[in-house]
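Student: Sequence and predicted structure below; questions after.
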Amino acid sequence: DTEVTQTPKHLVMGMTNKKSLKCEQHMGHRAMYWYKQKAKKPPELMFVYSYEKLSINESVPSRFSPECPNSSLLNLHLHALQPEDSALYLCASSPGQGVGNSPLHFGNGTRLTVT
Amino acid sequence: DQQVKQNSPSLSVQEGRISILNCDYTNSMFDYFLWYKKYPAEGPTFLISISSIKDKNEDGRFTVFLNKSAKHLSLHIVPSQPGDSAVYFCAARRLYAGGTSYGKLTFGQGTILTVHP
C-alpha cells in the first residue's frame, strides 16, 4: 500500500468543467510534488511545495492551479483543460525539498481524461 | 535535451537469471541517482538509490552500480522473479548553488522488464 493517497483514481471531465485532484500523506513530509505522466513517457515535474509554500512552478499553464492547505494535503485545481492534458497525474512527497538523500514517495496517481 | 537516457526500451529475462538495466546521463551536476519500479495503473515505487560519492549500493536482490567517469549507472536484479516484471525508471537529482536540488528529479524514458517463468 502506498503511503501517499490520491483521489479520485479516475476522472473524466469536459473542457468547460472545473474539478480538483487531491493528495494526502501522513509521513510528516514537508515537501510535496505534482508530476504529470503521458503514456509511454517519463514523469515530468509540474509543481513543488515546500513547507506549504509554492517553491517551483515548471511553467505550467494557469488552467492548472495547485494548492497546499496544510502540510499533509495537496490539491490540483483544474479548469478549462484541453484534451492534450489527458494524462496520469502523480503526487509525491519527501521529507524535505532536495536536502539530503531521500527519495520521493509517489501515490498511485489520478488517470485524467479530458473530453 | 534528454539528460537521463535509458536506451533499451525493453528487456526479457528468464526467471532466476540476472536482469541488468542500464542508464546514462549527461549532466555532471547530478549527485544522487534513484531507480523506481512502476506497475500499470500504479505510481512509481522507490527501489534503490546511490549517492555520487559511492560506486555501489546493495539492497537484497537489487544492486545499483555507478560509474561517474562514464556517466553510467546500472541496476542488477539477482535472481529475477516474474513479479519483477514492470517498467523501471532511472532518475537523477541535480545539485544547484547553495547545495539544494529543489527536489527536482529528472527521469529516463523507462525500460520494460519481462521476467519469464
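Tutor: Good, I have the coordinates.
Student: Point to the helix or strand of chain B where mean pLDDT is at its lowest.
Tutor: strand B:105-107 (a mean of 91; mean pLDDT, DSSP states H and E).
Student: Mind giving me the packing neighbours of that strand?
Tutor: Where contact means 3 or more CB pairs under 8 Å, 6 or more residues apart in numbering or on different chains; DSSP states H and E, strand B:105-107 is packed against strand B:30-38, strand B:86-94. Where C-beta positions appear, they are placed from N, C-alpha and C, glycine not excepted.
Student: orientation of the very next helix or strand once past the first one relative to strand B:86-94 in degrees?
Tutor: Later in the chain than strand B:30-38, the nearest helix or strand by DSSP states H and E is strand B:45-51. Per axes from the mean of the first three to the mean of the last three CA atoms, to 10 degrees, the angle that strand B:45-51 makes with strand B:86-94 is 40 degrees.
Student: ok, stretch B:64-81 near chain A or not?
Tutor: No: where contact is defined by CB under 8 Å from any CB of the partner chain, no part of stretch B:64-81 touches chain A; the two come within 12.4 Å at best.
Student: what's the burial count for residue 59?
Tutor: Picked chain A for this. 5 (other CB atoms under 10 Å in any protein chain shown).
Student: not what I meant, chain B
Tutor: Residues contacting B:Asp59 under the criterion other CB under 10 Å number 10.
Student: Just list the residues touching it, thanks.
Tutor: Under the criterion of CB atoms under 8 Å, 6 or more residues apart in numbering or on different chains, the contact list for B:Asp59 reads B:Leu47, B:Ile48.
Student: before we move on, the earlier item: columns mean neighbour count and distance to chain A on top of the helices and strands packed on strand B:105-107, output as a markdown table?
Tutor: Rendered in a markdown table, the data for these read as follows (neighbours: other CB atoms under 10 Å in any protein chain shown; distance: least, CB to the nearest CB, whole Å):
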| stretch | mean neighbour count | distance to chain A |
| --- | --- | --- |
| strand B:30-38 | 22 | 5 |
| strand B:86-94 | 23 | 6 |
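Student: Spell out which parts of chain A neighbour chain B.
Tutor: Taking CB under 8 Å from any CB as the contact definition, chain A meets chain B at A:2, A:4, A:6, A:31, A:33, A:40-45, A:48, A:50, A:55-56, A:90, A:92, A:94, A:96-99, A:101, A:103-109, A:111.
Student: buried subset of these?
Tutor: Under a neighbour-count criterion of 16 or more other CB atoms under 10 Å in any protein chain shown, the subset of the residues of chain A next to chain B counted as buried comprises A:4, A:6, A:31, A:33, A:42-45, A:48, A:50, A:55-56, A:90, A:92, A:94, A:97-99, A:103-109, A:111.
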